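Colleague: Build me a model:
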Amino acid sequence: MEIRSVQPIRDAELPLTEESVSITWRMRIRMDDHPGTLARIAIRMADLECNILGLTVLPVPGGVLDEVVIRPAAGLTKEQLVRAIQGEGCECSAITDADIRELVDASAATLVAASRAVEDPSRYAEVLREVLAADLVTVVPLAEANPGRTEGGHRAAFGVDGESALVARRRWAPFVQLELTRAEALLGLLDTVRADVSGPAVATCTDGASIVLRPGQPGDADAVFALHQRCSAETLFQRYRTGMRTVPRRWLHRLLVPPRGLSLLAVCGREVIGLGQLIPGTGAIAEISLLVDDAWQRKGVGTALLARLAVLAAARGHRQLMAVSLPGRDGIFRTARRAGLVPDQPEEEGLLRITIPAALTPRHLTGA
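Modeller: Numbers count the residues shown, from 1 in each chain. Sure, this is the predicted structure:
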């Protein structure tokens, strides 16, 4: 099992001759991977009346690194323990105080930490600190995440989104590959969970009606055609900016399965009452469009569609949305505000840029 300590590490900077006042120590012992080596270390600790509370074996190049948690005998100093280990031909690479309350199963602790991060992505840094038993984890610009820097102790950097990085710092011992691999796997899992937003979602309209938001499929062509037939000429003009009474059937497949993009339907019962599209643009920008049945307008359908499109866009790495509205019409602007997004003032010819808040983007991080 492993120890997780969030207490500031001090002993790595203190002389080993200082009398210990801690009742629990954590140490890392580098040894050759030969039968009997660990047994000799355990016997030597027993001779010094140390009680072994936990053990983790960390493979490293040229041998193993054993992390041992002990309760030392009264009066035993760190220097005496280190010399005893050296007497068995091993190297004590680090020793520090530990917290007995954190003697928990490593797998269970990691899963619990992951659950907290899934529920609240702002805790990514806190969770990573626990999993790595780091002193501190901060978010920095990617250009500043140099793992070779030595100030503040040992460092490990994890890229986040192409622009930011998580930097873990630990004074008492270097990070080993097994720990780094575990942290990468955890962050990858959390990214996968955050990105898995393609399934249906339920939303409630302002009048209390429940609707389902789900991806459009080619089999929805008839229902989407019926949606266009129910829409007024003004609604269709605002969406397509051309005079038309209904949509040509040859357009339906492209509306439901846009190239490189996706469609999102708002469904009540068997009727499609709203249609949204997300089409990748240049860089981190994606273009969106909305169409809502006249009978369902001003009930929150458009807001629900736009909010869901923003989540889907963020999962694909987009940071900004772009929409086009008729000059003098601010409906999409107000809808974006209600959806919790950040729209700029419309540009010339009705072009509207909408920023997706950081809370919706994968690995939304807060320094711990």
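Colleague: so how far is E119 from G188?
Modeller: Here G188 is placed at a distance of 18 Å from E119 (CB to CB, to the nearest Å). Every C-beta, even on glycine, is put in place using the N, C-alpha and C of the backbone.
Colleague: now do G87
Modeller: For G87, the distance to E119 - CB to CB - is 49 Å.
Colleague: L178 too?
Modeller: From L178 to E119 the distance is 27 Å (CB to CB).
Colleague: Equivalent analysis for Q297, please.
Modeller: Q297 is 34 Å from E119, where distance means CB to CB.
Colleague: For those two, indicate the residue with more neighbours.
Modeller: Q297 (16 against 8; other CB atoms under 10 Å).
Colleague: what's the more buried one sitting at in phi/psi?
Modeller: phi -70, psi 150 (degrees, to the nearest 10).
Colleague: Tell me the pLDDT of it.
Modeller: Q297 carries a pLDDT score of 96 in this model.
Colleague: Now do the same contact list for it.
Modeller: By CB atoms under 8 Å, 6 or more residues apart in numbering, Q297 lies in contact with T235.
Colleague: Quick check: the gap between it and Q320.
Modeller: To Q320, Q297 is 26 Å away according to CB to CB.
Colleague: need the helices for the stretch 51-200 of the chain, in chain order.
Modeller: Applying DSSP state H, counting those that start in this stretch to the stretch 51-200 of the chain gives helices spanning 78-87, 106-119, 124-132, 177-195.
Colleague: can you tell which of these is closest to L312?
Modeller: Minimum separation from L312 across the helices of the stretch 51-200 of the chain (CB to CB) falls at helix 177-195, 9.6 Å.
Colleague: What count of nearby residues applies to L128?
Modeller: 24.
Colleague: do you know how far it is from T181?
Modeller: As judged by CB to CB, L128 and T181 stand 13 Å apart.
Colleague: V69 too?
Modeller: 22 Å.
Colleague: And these two? Which one has more around it.
Modeller: Between V69 and T181, counting by other CB under 10 Å, V69 is the more crowded of the two (23 against 10).
Colleague: Give the bridge partners for that one, please.
Modeller: R26, G54 (DSSP bridges).
Colleague: need the contact list for it.
Modeller: Residues in contact with V69 (CB under 8 Å, 6+ apart) are I3, T24, W25, R26, I52, L53, G54, L55, A98, L103.
Colleague: Please list only the buried members of those residues.
Modeller: Buried subset of those (neighbour count, 16 or more other CB atoms under 10 Å): I3, T24, W25, R26, L53, G54, A98.
Colleague: Could you identify the pair within these that is furthest apart?
Modeller: Using CB to CB, those span at most 11.0 Å, a distance reached by W25 and G54.
Colleague: which one of the buried ones among the contacts of V69 is nearest R83?
Modeller: Nearest to R83 among the buried ones among the contacts of V69, counting by CB to CB, is W25 at 14.6 Å.
Colleague: who's in contact with the closest one?
Modeller: By CB under 8 Å, 6+ apart, the residues touching W25 are V69, I70, R71, P72, K78, L81, I95, T96, D97, A98.
Colleague: Format those as TSV; extra columns: pLDDT and distance to A358.
Modeller: Converted to TSV, these look like this (pLDDT from 0 to 100; distance: CB to CB, whole Å):
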residue	pLDDT	distance to A358
V69	91	38
I70	92	44
R71	92	44
P72	93	46
K78	92	44
L81	94	47
I95	91	40
T96	87	35
D97	87	36
A98	83	35
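Colleague: Would you mind checking these for buried ones?
Modeller: Applying 16+ other CB under 10 Å to the contacts of W25 flags V69, I70, P72, K78, L81, I95, T96, D97, A98 as buried.
Colleague: and these as JSON lines, adding distance to A203?
Modeller: Formatted as JSON lines, these follow (distance: CB to CB, whole Å):
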{"residue": "V69", "distance to A203": "50"}
{"residue": "I70", "distance to A203": "55"}
{"residue": "P72", "distance to A203": "59"}
{"residue": "K78", "distance to A203": "60"}
{"residue": "L81", "distance to A203": "61"}
{"residue": "I95", "distance to A203": "55"}
{"residue": "T96", "distance to A203": "51"}
{"residue": "D97", "distance to A203": "51"}
{"residue": "A98", "distance to A203": "48"}
